[in-house]
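> Any chance you can model this:
(2 chains)
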Amino acid sequence: NAGVTQTPKFRVLKTGQSMTLLCAQDMNHEYMYWYRQDPGMGLRLIHYSVGEGTTAKGEVPDGYNVSRLKKQNFLLGLESAAPSQTSVYFCASTSGPRNYGYTFGSGTRLTVV
Amino acid sequence: SQQGEEDPQALSIQEGENATMNCSYKTSINNLQWYRQNSGRGLVHLILIRSNEREKHSGRLRVTLDTSKKSSSLLITASRAADTASYFCATGDDQTGANNLFFGTGTRLTVIP
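Below is the predicted model of the structure:
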């Protein structure tokens, strides 16, 4: 049982390049989330999904897009990377609408130069 | 911002001592959760306390919740070197029903062997 798997683990992009971060979970969870973690800022919610085919904006959605075509996968896209998007990105999932803990992936460290 | 705030930002103790971390938040909540993050890793769910609960135990962890003061505390008893990590509180969203969690900035705990 792998839990939540994120790929890639590390990436360096040049300003203006695009990329997609992949999150896959094998726990049949309905709810999935993308967070970014910056020093001194804690984790901030980018986008989330409450089920296959649905997505919604979180606290800091600008510059990112997401898709949830399959229940087990949640993709985070950067269309035109900026240095301000240098961060560690975490995906998480959970099974229920309330009172359930999250399972996190191990993160993707992205540097935009 | 809906983020909570942990206090202290950093804590250093000797092995065997107890560690107490506090969390304050701003909005109404369904639940409050605590997570641990080892350096360079993803977050791991420790414990969840619902808004109608005042205290909860799990092994060496004790969590209290005071909704009138919008605060929570995490107590780790008989600390071990392996407890060295960052600890985050997260409040469960009471608005959208999407189980969004809003994380604080964390307490960095160092347990000295």
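> ok, the closest residue to A:Asp26 other than its chain neighbours - how many residues close by?
Among residues not flanking A:Asp26 along the chain, A:Ala2 sits closest, at 5.5 Å (Cβ to Cβ, 6 or more residues apart in numbering or on different chains). The C-beta positions use only the backbone N, C-alpha and C, and glycine is treated the same way. The number of residues packed near A:Ala2 is 9, by other Cβ atoms under 10 Å in any protein chain shown.
> Could you report the pLDDT at A:Ala2?
Per-residue confidence (pLDDT) for A:Ala2: 76.
> again with B:Gln3
66.
> I'd say the residue nearest to A:Asp26 and A:Cys23 touch.
No - the criterion here is Cβ atoms under 8 Å, and A:Ala2 misses it with A:Cys23 at 11.7 Å.
> any residues in contact with both of those two?
Contact criterion Cβ atoms under 8 Å, 6 or more residues apart in numbering or on different chains; residues shared by A:Ala2 and A:Cys23: none found.
> which residues sit in contact with the residue in chain A sticking out farthest from the centre?
Note on chain A: the largest C-alpha distance from the chain mean falls to A:Asn99, namely 21.0 Å (Cα atoms, centre = their mean). Listed by Cβ under 8 Å, 6+ apart, the contact partners of A:Asn99 are B:Asn30, B:Asn31, B:Leu48, B:Arg50, B:Gly92, B:Asn99.
> Considering those, which member attains the minimum pLDDT?
B:Asn99 (72).
> And the strands in the chain?
Since you didn't name a chain, this refers to chain A. A:4-7, A:10-13, A:19-25, A:31-38, A:42-49, A:56-57, A:65-67, A:73-78, A:87-94, A:103-104, A:108-112 (DSSP state E).
> The chain in question should be chain B.
Along chain B, counting by DSSP E, strands occupy B:5-7, B:10-14, B:19-24, B:31-37, B:43-50, B:55-58, B:61-66, B:71-76, B:85-92, B:101-103, B:107-112.
> Against A:Met27, how distant is the residue nearest to A:Asp26?
9 Å (Cβ to Cβ, to the nearest Å).
> from the contacts of A:Asn99, which would you call buried?
Buried subset of these (neighbour count, 16 or more other Cβ atoms under 10 Å in any protein chain shown): B:Asn30, B:Asn31, B:Leu48, B:Gly92, B:Asn99.
> follow-up on the earlier one: so which of the contacts of A:Asn99 is the closest to B:Asp83?
Comparing those against B:Asp83 with Cβ to Cβ places B:Leu48 closest, at 19.1 Å.
> and that closest one, what is it in contact with?
By Cβ under 8 Å, 6+ apart, the neighbours of B:Leu48 are A:Asn99, A:Tyr100, A:Gly101, B:Asn31, B:Leu32, B:Gln33, B:Lys56.
> ok, of these, which one's closest to A:Phe10?
Within those, the smallest distance to A:Phe10 is 26.9 Å, found for A:Gly101 (Cβ to Cβ).
> Excluding residues flanking it in the chain, which one is nearest that closest one?
Leaving aside its sequence neighbours, A:Gly101 sits nearest to B:His45 (Cβ to Cβ, 6+ apart; 3.6 Å).
> Report pLDDT for the one you found.
96.
> so it touches B:Asn31, yeah?
No - using Cβ under 8 Å, B:His45 is not in contact with B:Asn31, being 11.6 Å away.
> Taking the centroid of chain A, which residue is nearest it?
Taking Cα atoms, centre = their mean as the criterion, A:Trp34 is the residue nearest the geometric centre of chain A, at 2.9 Å.
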